[in-house]
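**Student:** The sequence and its predicted three-dimensional model are supplied below.
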Amino acid sequence: MTDYFDGEVEPRLLEEIQSHLGECHHCEILVDTTQKTIKVYRDHQVYELTDEVRERTVTRIMQACIKH
């Protein structure tokens with residue numbers, strides 16, 4: 001997938017990936033979210049979170065860690 005995100009996939013494989021993404025909503029969401037994350041990282045965008053959002057995020061992460 002790294003090659004896909006970097007635009008370094010052979011044309012035949014790229015067709016297969018795009019075909020799969022057209023049929024698999026789960027993978028489509030995963031790829032879209034990953035691309036957005038990469039863009040934010042590359043653009044060095046800083047997002048200010050409200051205290052409420054920050055607190056909810058940390059709480060959910062901690063809850064997920066405890067479950068596993």
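**Tutor:** Right, received. Where do you want to start? All values derive from a computational prediction rather than experimental measurement. Numbering: from 1, shown residues only.
**Student:** Leu49 is in contact with Thr57, isn't it?
**Tutor:** Yes: here Leu49 reaches Thr57: they are 7.3 Å apart, a contact under Cβ atoms under 8 Å. Using the backbone N, CA and C atoms, a C-beta is placed for each residue, glycine as well.
**Student:** Where does the prediction get shaky in the protein?
**Tutor:** Per-residue confidence for the chain (pLDDT under 70) gives these ranges: 68.
**Student:** For Val9, see how far away the one residue sitting closest to the centre of it is.
**Tutor:** What sits nearest the mean C-alpha location of the chain, by Cα atoms, centre = their mean, is Thr34, with 2.1 Å. Using Cβ to Cβ, to the nearest Å, one gets 14 Å for the distance from Thr34 to Val9.
**Student:** likewise Thr59?
**Tutor:** Thr59 is 39 Å from Val9, by Cβ to Cβ.
**Student:** Tell me which of those two has more neighbours.
**Tutor:** Val9 (17 against 10; other Cβ atoms under 10 Å).
**Student:** In what element of secondary structure is the nearest residue to the more buried one once chain neighbours are set aside found?
**Tutor:** Of all residues not flanking Val9 in the chain, Asp3 sits nearest, at 5.0 Å (Cβ to Cβ, 6 or more residues apart in numbering). Assigned by DSSP states H and E, Asp3 falls within helix 2-5.
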